[in-house]
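*Asks:* coords below, sequence missing:
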(Lines give C-alpha, C1' and ligand atoms only; values in the text may rest on other atoms or scores of the structure.)
Protein backbone atom coordinates (compact mmCIF):
# COMPACT_ATOMS: atom_id res chain seq x y z
CA UNK A 1 0.00 0.00 0.00
CA UNK A 2 1.04 3.60 -0.47
CA UNK A 3 -0.15 6.61 1.49
CA UNK A 4 0.72 10.28 1.85
CA UNK A 5 2.22 11.70 5.03
CA UNK A 6 -1.29 12.72 6.10
CA UNK A 7 -2.67 9.26 5.35
CA UNK A 8 -4.34 9.62 1.94
CA UNK A 9 -4.22 6.55 -0.31
CA UNK A 10 -5.16 8.37 -3.54
CA UNK A 11 -4.59 11.61 -5.39
CA UNK A 12 -7.13 12.54 -8.07
CA UNK A 13 -8.61 9.04 -7.93
CA UNK A 14 -5.37 7.05 -8.32
CA UNK A 15 -2.95 5.54 -5.84
CA UNK A 16 -0.20 5.57 -8.48
CA UNK A 17 0.12 9.38 -8.15
CA UNK A 18 1.55 8.85 -4.66
CA UNK A 19 4.11 6.35 -5.90
CA UNK A 20 7.70 6.53 -7.16
CA UNK A 21 9.77 4.30 -9.44
CA UNK A 22 11.35 2.61 -6.39
CA UNK A 23 7.93 2.14 -4.76
CA UNK A 24 6.73 0.53 -7.98
CA UNK A 25 9.71 -1.85 -7.86
CA UNK A 26 8.91 -2.75 -4.24
CA UNK A 27 5.28 -3.47 -5.18
CA UNK A 28 6.39 -5.57 -8.16
CA UNK A 29 8.84 -7.54 -5.99
CA UNK A 30 6.09 -8.27 -3.47
CA UNK A 31 3.75 -9.27 -6.29
CA UNK A 32 6.34 -11.67 -7.72
CA UNK A 33 6.55 -13.39 -4.32
CA UNK A 34 2.76 -13.82 -4.05
CA UNK A 35 0.80 -16.81 -5.30
CA UNK A 36 -2.37 -14.72 -5.50
CA UNK A 37 -3.19 -11.03 -5.49
CA UNK A 38 -6.44 -10.03 -3.74
CA UNK A 39 -7.88 -6.69 -4.80
CA UNK A 40 -11.19 -4.86 -4.78
CA UNK A 41 -13.09 -4.22 -8.00
CA UNK A 42 -12.85 -0.44 -7.59
CA UNK A 43 -9.05 -0.62 -7.37
CA UNK A 44 -8.93 -2.85 -10.46
CA UNK A 45 -10.98 -0.29 -12.38
CA UNK A 46 -9.10 2.78 -11.06
CA UNK A 47 -5.59 1.41 -11.50
CA UNK A 48 -6.14 -0.59 -14.69
CA UNK A 49 -4.99 -4.00 -13.53
CA UNK A 50 -3.71 -6.16 -16.36
CA UNK A 51 -2.16 -9.58 -16.76
CA UNK A 52 0.28 -10.36 -13.92
CA UNK A 53 3.98 -10.44 -14.80
CA UNK A 54 4.52 -13.67 -12.84
CA UNK A 55 3.53 -16.74 -14.79
CA UNK A 56 0.75 -18.71 -13.10
CA UNK A 57 -0.12 -15.95 -10.67
CA UNK A 58 -3.83 -15.35 -10.08
CA UNK A 59 -5.65 -12.11 -9.27
CA UNK A 60 -8.80 -12.45 -7.16
CA UNK A 61 -11.14 -9.49 -7.59
CA UNK A 62 -13.55 -9.01 -4.68
CA UNK A 63 -16.90 -7.78 -5.98
CA UNK A 64 -20.57 -7.91 -5.04
CA UNK A 65 -21.81 -7.16 -8.56
CA UNK A 66 -19.33 -8.60 -11.06
CA UNK A 67 -19.41 -5.35 -13.05
CA UNK A 68 -15.92 -5.44 -14.53
CA UNK A 69 -14.31 -5.24 -17.95
CA UNK A 70 -13.97 -8.91 -18.85
CA UNK A 71 -12.29 -7.89 -22.13
CA UNK A 72 -9.32 -6.47 -20.18
CA UNK A 73 -6.00 -8.35 -20.21
CA UNK A 74 -6.54 -9.32 -16.56
CA UNK A 75 -9.44 -11.55 -17.55
CA UNK A 76 -8.56 -12.48 -21.15
CA UNK A 77 -5.23 -13.83 -19.85
CA UNK A 78 -7.11 -16.21 -17.54
CA UNK A 79 -5.32 -14.77 -14.49
CA UNK A 80 -8.29 -12.88 -13.10
CA UNK A 81 -11.04 -14.53 -11.09
CA UNK A 82 -13.92 -13.20 -9.02
CA UNK A 83 -14.59 -13.47 -5.30
CA UNK A 84 -18.32 -12.91 -4.81
CA UNK A 85 -21.19 -13.61 -2.41
CA UNK A 86 -23.28 -16.70 -3.09
CA UNK A 87 -26.31 -14.60 -4.00
CA UNK A 88 -24.51 -12.29 -6.46
CA UNK A 89 -25.55 -12.52 -10.11
CA UNK A 90 -23.52 -14.76 -12.38
CA UNK A 91 -20.86 -12.81 -14.28
CA UNK A 92 -21.54 -12.12 -17.95
CA UNK A 93 -18.29 -13.84 -18.95
CA UNK A 94 -16.77 -17.27 -18.49
CA UNK A 95 -14.59 -16.61 -15.48
CA UNK A 96 -13.72 -18.61 -12.36
CA UNK A 97 -15.75 -17.49 -9.34
CA UNK A 98 -15.03 -18.18 -5.68
CA UNK A 99 -18.30 -17.76 -3.78
CA UNK A 100 -18.72 -17.27 -0.04
CA UNK A 101 -21.24 -15.39 2.08
CA UNK A 102 -24.63 -13.81 1.49
CA UNK A 103 -24.95 -10.16 0.36
CA UNK A 104 -21.29 -9.58 1.26
CA UNK A 105 -18.29 -11.79 0.70
CA UNK A 106 -17.42 -13.98 3.68
CA UNK A 107 -13.70 -13.30 3.40
CA UNK A 108 -12.44 -16.04 5.76
CA UNK A 109 -14.50 -18.64 3.86
CA UNK A 110 -13.36 -17.25 0.51
CA UNK A 111 -9.69 -17.22 1.52
CA UNK A 112 -9.91 -20.88 2.59
CA UNK A 113 -10.85 -21.68 -1.03
CA UNK A 114 -7.81 -19.90 -2.49
CA UNK A 115 -4.70 -22.04 -2.86
CA UNK A 116 -1.13 -20.98 -2.19
CA UNK A 117 1.09 -19.86 0.65
CA UNK A 118 1.12 -16.09 0.10
CA UNK A 119 -1.81 -13.91 -0.89
CA UNK A 120 -1.04 -10.23 -1.33
CA UNK A 121 -3.79 -7.75 -0.45
CA UNK A 122 -3.71 -4.64 -2.65
CA UNK A 123 -6.78 -2.72 -1.46
CA UNK A 124 -8.74 -0.53 -1.74
CA UNK A 125 -9.50 0.87 1.68
CA UNK A 126 -12.90 -0.84 2.14
CA UNK A 127 -11.45 -4.26 1.28
CA UNK A 128 -8.45 -3.58 3.53
CA UNK A 129 -10.82 -2.79 6.42
CA UNK A 130 -12.81 -5.96 5.78
CA UNK A 131 -9.66 -8.10 5.69
CA UNK A 132 -8.33 -6.56 8.94
CA UNK A 133 -11.73 -6.94 10.60
CA UNK A 134 -11.78 -10.61 9.55
CA UNK A 135 -8.31 -11.04 11.12
CA UNK A 136 -6.72 -12.07 7.81
CA UNK A 137 -3.68 -9.75 7.65
CA UNK A 138 -0.36 -11.06 8.97
CA UNK A 139 1.98 -8.54 7.34
CA UNK A 140 1.68 -4.91 6.26
CA UNK A 141 3.94 -3.34 3.64
CA UNK A 142 3.28 0.37 3.33
CA UNK A 143 5.10 3.16 1.56
CA UNK A 144 4.82 6.64 3.03
CA UNK A 145 5.02 9.11 0.15
CA UNK A 146 6.62 12.49 0.97
CA UNK A 147 3.45 14.34 -0.01
CA UNK A 148 0.63 15.98 1.90
CA UNK A 149 -2.69 15.84 0.08
CA UNK A 150 -4.92 17.76 2.46
CA UNK A 151 -7.94 16.18 0.84
CA UNK A 152 -10.63 14.05 2.40
CA UNK A 153 -9.60 10.94 0.52
CA UNK A 154 -9.64 7.33 1.69
CA UNK A 155 -7.14 6.07 4.24
CA UNK A 156 -5.67 2.55 4.35
CA UNK A 157 -8.78 1.30 6.15
CA UNK A 158 -12.25 2.71 5.47
CA UNK A 159 -15.19 2.15 7.83
CA UNK A 160 -13.39 -0.42 9.97
CA UNK A 161 -14.58 -1.01 13.53
CA UNK A 162 -12.07 -0.27 16.30
CA UNK A 163 -9.13 -2.63 15.83
CA UNK A 164 -6.41 -3.13 18.38
CA UNK A 165 -4.01 -5.46 16.63
CA UNK A 166 -0.34 -4.83 17.23
CA UNK A 167 2.29 -5.22 14.53
CA UNK A 168 6.06 -5.11 14.90
CA UNK A 169 8.18 -2.98 12.59
CA UNK A 170 10.60 -5.35 10.90
CA UNK A 171 12.13 -3.28 8.06
CA UNK A 172 12.56 0.40 7.21
CA UNK A 173 14.06 1.62 3.95
CA UNK A 174 14.23 5.18 2.59
CA UNK A 175 14.63 6.52 -0.94
CA UNK A 176 14.34 10.21 -1.83
CA UNK A 177 11.96 10.86 1.06
CA UNK A 178 9.82 7.76 0.49
CA UNK A 179 9.70 5.43 3.51
CA UNK A 180 9.17 1.72 2.90
CA UNK A 181 7.85 0.05 6.04
CA UNK A 182 7.23 -3.63 6.72
CA UNK A 183 5.24 -4.66 9.78
CA UNK A 184 4.61 -8.21 11.00
CA UNK A 185 1.79 -9.27 13.28
CA UNK A 186 2.97 -9.75 16.83
CA UNK A 187 2.81 -13.27 18.11
CA UNK A 188 -0.36 -13.74 20.12
CA UNK A 189 1.01 -16.69 22.04
CA UNK A 190 -0.57 -20.09 22.40
CA UNK A 191 -4.33 -20.24 22.65
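*Replies:* Arrived safely, thanks for sending. Worth saying up front: this structure is predicted, and the values here are computed from it rather than measured.

*Asks:* Residue 165 and residue 38, how far apart?
*Replies:* Using Cβ to Cβ, to the nearest Å, residue 165 is found at 18 Å from residue 38. Glycine gets a C-beta too; all of them are placed from N, C-alpha and C.

*Asks:* Looking at the two, which is more packed in?
*Replies:* More crowded of residue 165 and residue 38, by other Cβ atoms under 10 Å: residue 38, with 23 against 11.

*Asks:* can you tell me the helix or strand for residue 38?
*Replies:* Using DSSP states H and E, the element containing residue 38 is strand 36-40.

*Asks:* pLDDT on that strand, on average?
*Replies:* On average, the pLDDT along strand 36-40 is 96.

*Asks:* now do stretch 116-123
*Replies:* Taken as a whole, stretch 116-123 carries a mean pLDDT of 91.

*Asks:* Helices along this protein, start to end?
*Replies:* 21-33, 41-47, 73-76, 107-112, 125-133 (DSSP state H).

*Asks:* Which of the ones you listed sits closest to residue 145?
*Replies:* Of all these, helix 21-33 sits nearest to residue 145, with 7.5 Å by Cβ to Cβ.
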